Each structure stands twice: as structure tokens, then as C-alpha cells.
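Trainee: Return a 3D structure for these sequence lines:
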Amino acid sequence: KLSPHVWNMSRVRRLLEVLTIATCRNSRANAFLCSLPLRSSNFEGKSTQICTSKSIMTPIKSRETERTARNAEGVDPTLIEQAKSLYRKTFGESSHGGHIICTAAPGRVNLIGEHVDYTGGFVLPMAIGFHTICYGFGSMVEIGENSCVCRFVSTVNPDDVQTFEYPPKKNDIREGEWSNYVKGVVAQYMDHVPNGYTLNFEIAISSNVPLGSGLSSSAALEVSVARFVEEIVMKQNNALTKEAKVARALKCQKAENEWCNSPCGIMDQFVSSAGEMGAVLLIDCESTEYEAYSFGGNDEEEKPTVVICNSNVTHSIGGGEYPIRVKQCAKALEAVNTVRKVKSLRHATMKDIEESRDSMDELIYRRARHVISENERTKQAAEALKMGNYEAMGRLMNESHSSMRDDYEVSCSEIDALVDLAQVFSPQDAVYGSRLTGGGFGGCTVSLVRPKAVPAFIEHMKEEYTKWQQKRNGSSSSDDILKCTCFVTTPASGVQLLHLS
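Mentor: Below is the predicted model:
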């Protein structure tokens, strides 16, 4: 039912992949899926071939036209309806006047380049088709007028309406409260509110990004709120320029650092803000330069499908081991600087840490070895994707997981089990590579799988993870153990402003 002017094969492919896995599961359906040409359409209706004979992975020109609800790429319409319904139930008819504001920001999965963004390294993430929606009304009003209050509510706890007076104050921070993410983002836009005015809004929030899964539910919330606030205070007509995307990501990172006690790097907010449909981003986290590249390939049987497997072990990067890793990297940098002055570990080499090894203990040495080797793997992985060398990409992903498990120690037994199960899946060449994705200590794995093997791979992961859990717990029952949930994803767009009719 798509108009030829908005025809997008990546969207159709994703739908067919889901239908094939969920209902078809037969060779004819898979053969049809693999026979489809990969094409892309821009919003002028001109269809362009993504793949070329010279480069399987070709830079995509950034789209300069914001999506409307009709073209909302990958956003589940039921999420919008959930936010609408919650808004009406909680706030009734708006007293703000003006137009509805509705934003959608995606979660993300990182293919490689883990725990290097806060040391200025290279990462290779992509946005995914799971989103956080902000729906509501907002305005700037003169100080002294009534109702100068910011209110918001989430479908996670629809009876808990959060309220604060603008501007938000840091002494209002409540440890571990999700409202800190919203307040922190709003605080970053105070300079854009004119003197004599204050901010006033009501927002209903819905999301299908799994919480605590390592798929950046917090960044999706931050970026969706940021885009919502921009529409009130900035009227961003240039919201899709690289400069606007990067500025938004930096504001959201600062909000999480300062308001949520999380020393995170820039990657999560960056890809949620700047993600491109059908593309992964190679991000330089020091310069904030990035390039978007399409996942492609002339041979559809060789082109990998991205499969995410959720261990359902939840985590939080705001506490525990994550801040410790950040401090350990700082100690490693101090040691390296005794032999050679570098701005960050991103500029250090293996030779540097070997020569400065006497200035660091074994633990700090292993942390530095992961960061330096991971940066090299990420650059090599980008080159492998450009050449369509998915075997090399998969090998680098496997090496990345080993490094995170052994040198950086951010994995856990459940994640290691999922990676092991993916790597032993038969036939052996069906899985290019698998690794932990996200901050670690639980969450998800990401695997690159040949398209025809995806249904069998998902069944294998679910069944064998259950068996592993049963064996570990000494129980034959599957009722009281964690299950593995799996889904196929394709690169999605970054944050979108949805113009609802």
C-alpha cells in the first residue's frame, strides 16, 4: 500500500524478515526474501541504488527533510496511541494552545567499539526500530503567568505524574529516579529561553526500548525529550543538520553525566540523535565527526542479518562497576603519560602501555589493553564492512567479546553463554560473529547471521539458553528461569519529529 514516492525496500525487507521468522519458516519465503534488490528512496521520490561494484558500503547523504507521521520510519504506531491515550487520561484537553508535539527517538545496538567512547575512541553503532515517544503540548510563557509548571508521566507508571517548576534545580535530584533524565535534559536548554520567560509543558511518554537491556533506553528518553523541548524553544528548522544532531547529543550526554550520576560517553545519545535509516555510524568520539554507511551487498545470501538476543539480566550504568572502569582508564592514562604525553587512551598504542607497564598494576594494564585493541578492531571492522568482508567483521566481533570478558571484565555468565551458543551454532559458517553489546553486566548480545539461517538460529538460542539455565539451576522446570528473547533489526532513523494529523 506504499506510494511509489515513499517506497523503501529496507522497510519492506524488515517486514518480510519478521513475517518469515514469525509465520512462514519455509524455504520459499526465505528464497523470496533473499531475492529482493536493495534499494533506497529519498523524499524527492528519486530511487537510488545503494550498492556499487566498487564499494559494498557506500556513504549516505544526510536527509534534510524531517519525517512526518505518514513517513515515520520504523515507529510502531501503537506507541503513539499509547502516549496519546495516557496524555488524555492524565492531563485532559491541553490548556497550552498551539500544535501537538510528538517526537520519537530510537534505542541503539553497537556492532563493535565498546567502552571506548568515554576515552575518545571509535564506535560503530546503529539505531534500532525500538523507540521512546514524547507526546504533548508546550510553550514559553511570561514569568508571572499561571501554570508555569512542567509535568510529565510515563506508561511504565501511569499514576505517577512528575512535576517541577522551571528551571529545574540540581538540589531537586532524587537518587535513582527516572525523572532526573527529563529534568537534566530540560536544564540544558535554559540558555534558549528568553529573559522574562519560562517553560511550560505536559508530556506523556511511552516506549518499547527494553529497560536495562543495554539498548540505550535512557538515551532514547533523553533525545526524545530534547527534540520535544527544541520544538518549543528553538523551532528547529535545521534539526537534521550534522551540527544540530551533534549539539543535541552533547546536551543529552551532559544531562546524564551531571543529573543521573552516570559517567557515560557520547555514543548512545549520538546515534539516537544522528542515526540513519539503513546505515551504521562510524563515530569518532573525540572530534564528534561521523559518517553513515549503508549495510549492503550484491549477494543477499552473504549479507548479514543483525540479530539481538536479550539475556534478560538487567543492568544500570549509573552505579557499580561502570564508573569504576572510567576511573581505571584515567589511571591508565596517567601511567601512559609518564612515557609519552597523550590526550586520551584513544591516542595511546600497545607500545605505550608496554613501556609504561611498571607504572600500572596488572588490572589497569588489562583495562588499557582492551581500550587500545578495541579501537583498532573498530577501525578494522569499518574497513571490513566497506569491502563486504563479513567473515573478517565477525572475527573482530568475537575478539571484541573475548577482550570485554577477559581484559575489561564487563560480561557475565549469561552473556558468555549466549555468545558461546551463537558461536557453536551449526552450520558453522551461518554466524559471522557474536558479542556483548552495551555497557555490560547483563543486557544483550548482537550477532551477524546469514539470512537463511536466522529462523533456526533464533530457535537454537532460545532452546539452548533455557537448557543452560536449567542445568545451572539444577531444575527441569522452565517457569522460574530467565528466558532469551530474540529479534531481528535493521538500522533505523535517528530522532524524528512526527507531524500528526
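Trainee: Could you use CA atoms for every contact and neighbour count after this?
Mentor: Fine.
Trainee: Which SSE is immediately downstream of the helix or strand bottoming out on mean pLDDT in the chain?
Mentor: Ranking every helix and strand in the chain by mean pLDDT, DSSP states H and E puts strand 47-49 at the bottom, with a mean of 29. Once the chain leaves strand 47-49, the next helix or strand it forms, by DSSP states H and E, is helix 77-91.
Trainee: give me the number of residues near F425?
Mentor: Neighbour count for F425, taken as other Cα atoms under 10 Å: 16.
Trainee: For the spatially closest residue to E302 that is not a sequence neighbour, give its distance to E391.
Mentor: Spatial nearest neighbour of E302, excluding adjacent residues (Cα to Cα, 6 or more residues apart in numbering): R450 at 6.2 Å. For R450, the distance to E391 equals 11 Å [Cα to Cα, to the nearest Å].
Trainee: got it, and G120?
Mentor: 27 Å.
Trainee: What of H192?
Mentor: On the measure of Cα to Cα, H192 and E391 end up 48 Å apart.
Trainee: Likewise for S85?
Mentor: Note on S85: its distance to E391, by Cα to Cα, is 47 Å.
Trainee: more crowded one of these two?
Mentor: Remark: of S85 and E391, E391 carries more neighbours, 18 against 15, as counted by other Cα under 10 Å.
Trainee: Quick one: list the elements packing against whichever helix in the chain runs longest.
Mentor: If you go by DSSP state H, the chain has its longest helix at helix 362-386. Here helix 362-386 touches strand 122-123, helix 321-336, helix 350-355, helix 390-406, going by 3 or more Cα pairs under 8 Å, 6 or more residues apart in numbering; DSSP states H and E.
Trainee: the strands in the stretch 401-501 of the chain, which residues?
Mentor: Applying DSSP state E, counting those that start in this stretch to the stretch 401-501 of the chain gives strands spanning 431-437, 444-449, 485-489, 496-497.
Trainee: so which of those strands gets nearest T78?
Mentor: In terms of Cα to Cα, the element of the strands of the stretch 401-501 of the chain nearest to T78 is strand 496-497, at 16.0 Å.
Trainee: Describe which strands that closest one pairs with in its sheet and in which direction.
Mentor: Within its sheet, strand 496-497 is paired with strand 101-110 (antiparallel), according to DSSP bridges.
Trainee: I'd like to check the angle between the strand it pairs with and helix 77-91, please.
Mentor: Counting by axes from the mean of the first three to the mean of the last three Cα atoms, to 10 degrees, strand 101-110 lies at 130 degrees to helix 77-91.
Trainee: next one: strand 101-110 to chain centre, how far?
Mentor: Centroid separation for strand 101-110 versus its chain: 8 Å, with Cα atoms, centre = their mean, to the nearest Å.
Trainee: Run the angle between it and strand 431-437 for me.
Mentor: When the same axes, to 10 degrees is applied, the directions of strand 101-110 and strand 431-437 differ by 120 degrees.
Trainee: How about exporting strand 101-110 as PDB, limited to the C-alpha atoms?
Mentor: Provided in PDB are the C-alpha atoms of strand 101-110 (Å, rounded to 0.1, in the frame of the first residue of the first chain):
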ATOM      1  CA  ILE A 101       4.300  18.000  19.600                       C
ATOM      2  CA  CYS A 102       5.300  14.300  19.100                       C
ATOM      3  CA  THR A 103       8.800  13.000  19.000                       C
ATOM      4  CA  ALA A 104      10.300   9.500  18.600                       C
ATOM      5  CA  ALA A 105      13.900   8.700  19.500                       C
ATOM      6  CA  PRO A 106      15.400   5.200  19.000                       C
ATOM      7  CA  GLY A 107      17.400   2.800  21.100                       C
ATOM      8  CA  ARG A 108      20.700   1.500  19.600                       C
ATOM      9  CA  VAL A 109      22.800  -1.600  19.200                       C
ATOM     10  CA  ASN A 110      26.600  -1.300  18.900                       C
END
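Trainee: Tell me what angle that strand forms with strand 444-449.
Mentor: With the same axes, to 10 degrees applied, the angle from strand 101-110 to strand 444-449 works out at 70 degrees.
Trainee: Tell me the pLDDT of the most centrally placed residue in the chain.
Mentor: Closest to where the C-alpha atoms of the chain average out (Cα atoms, centre = their mean) is R108, at 1.6 Å. For R108, the pLDDT comes out at 97.
Trainee: How about G320?
Mentor: pLDDT recorded at G320 is 78.
Trainee: Same check on Y87?
Mentor: 96.
Trainee: so where is the stretch 151-300 of the chain shaky, pLDDT-wise?
Mentor: For the stretch 151-300 of the chain, the stretches with pLDDT under 70 are 236-237, 296-298, 300.
Trainee: Can you list the residue ranges for strands in it?
Mentor: With DSSP E, counting those that start in this stretch as the criterion, the stretch 151-300 of the chain has strands spanning 157-165, 197-207, 279-284, 290-294.
Trainee: Taking strand 101-110 as reference, get the angle to the third one.
Mentor: The one in question is strand 279-284. On the basis of the same axes, to 10 degrees, strand 279-284 is oriented at 70 degrees to strand 101-110.
Trainee: from here on, count from 410
Mentor: From this message on, residue numbering opens at 410, which makes the last subject strand 688-693.
Trainee: and strand 688-693, how far from the chain's centre?
Mentor: Worked out by Cα atoms, centre = their mean, strand 688-693 lies 12 Å from the chain centre.
Trainee: can you check the longest one too?
Mentor: Centre-to-centre, strand 606-616 and its host chain are 23 Å apart (Cα atoms, centre = their mean).
Trainee: circling back: what mean pLDDT would you report for the longest helix of the chain?
Mentor: Mean per-residue pLDDT for helix 771-795: 95.
Trainee: Stretch 878-898 now?
Mentor: The average pLDDT for stretch 878-898 rounds to 87.
Trainee: buried ones in it?
Mentor: 878-879, 891-893, 895, 897-898 (16 or more other Cα atoms under 10 Å).
Trainee: and if you look at stretch 798-809?
Mentor: Across stretch 798-809, burial judged by 16+ other Cα under 10 Å covers 798-803, 805-809.
Trainee: Closest one to G522 out of those, please.
Mentor: Each of the buried residues of stretch 798-809 was scored against G522 by Cα to Cα, and S809 proved nearest at 8.0 Å.
Trainee: Is it correct that the closest one is in contact with R844?
Mentor: Yes. The criterion here is Cα atoms under 8 Å, and S809 meets it with R844 at 6.9 Å.
Trainee: returning to what we had before: what is in contact with R859 and E800 at once?
Mentor: Y841 (Cα atoms under 8 Å, 6 or more residues apart in numbering).
Trainee: Any idea what the residue lying closest to E640 once chain neighbours are set aside is bridged to?
Mentor: Once flanking residues are discounted, E640 sits nearest to I510: 7.5 Å by Cα to Cα, 6+ apart. Under DSSP bridges, the beta-bridge partners of I510 are G545.
Trainee: quick one: I510 from L805, how far?
Mentor: 42 Å.
Trainee: List of residues touching the longest helix of the chain?
Mentor: By Cα under 8 Å, 6+ apart, the surrounding residues in contact with helix 771-795 are 464-467, 521-525, 530-533, 691, 704, 734, 737-738, 740-741, 754-755, 757-759, 762, 766, 799, 801-802, 805, 809, 812-813, 816-817.
Trainee: Same question for stretch 491-501.
Mentor: For stretch 491-501, using Cα under 8 Å, 6+ apart, the contacting residues are 542-545, 562-564, 567, 611-615.
Trainee: could you redo the last one with a cut-off of 6 Å?
Mentor: 544, 613-615 (Cα atoms under 6 Å, 6 or more residues apart in numbering).
Trainee: And for stretch 669-682?
Mentor: 515, 526-527, 536, 628, 654, 658, 662, 665-666, 727, 903-904.
Trainee: so can I have TSV of these showing neighbour count?
Mentor: Converted to TSV, those look like this (neighbours: other Cα atoms under 10 Å):
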residue	neighbour count
P515	36
D526	22
Y527	19
A536	35
A628	28
K654	23
A658	26
Q662	26
E665	26
N666	17
G727	16
G903	30
V904	31
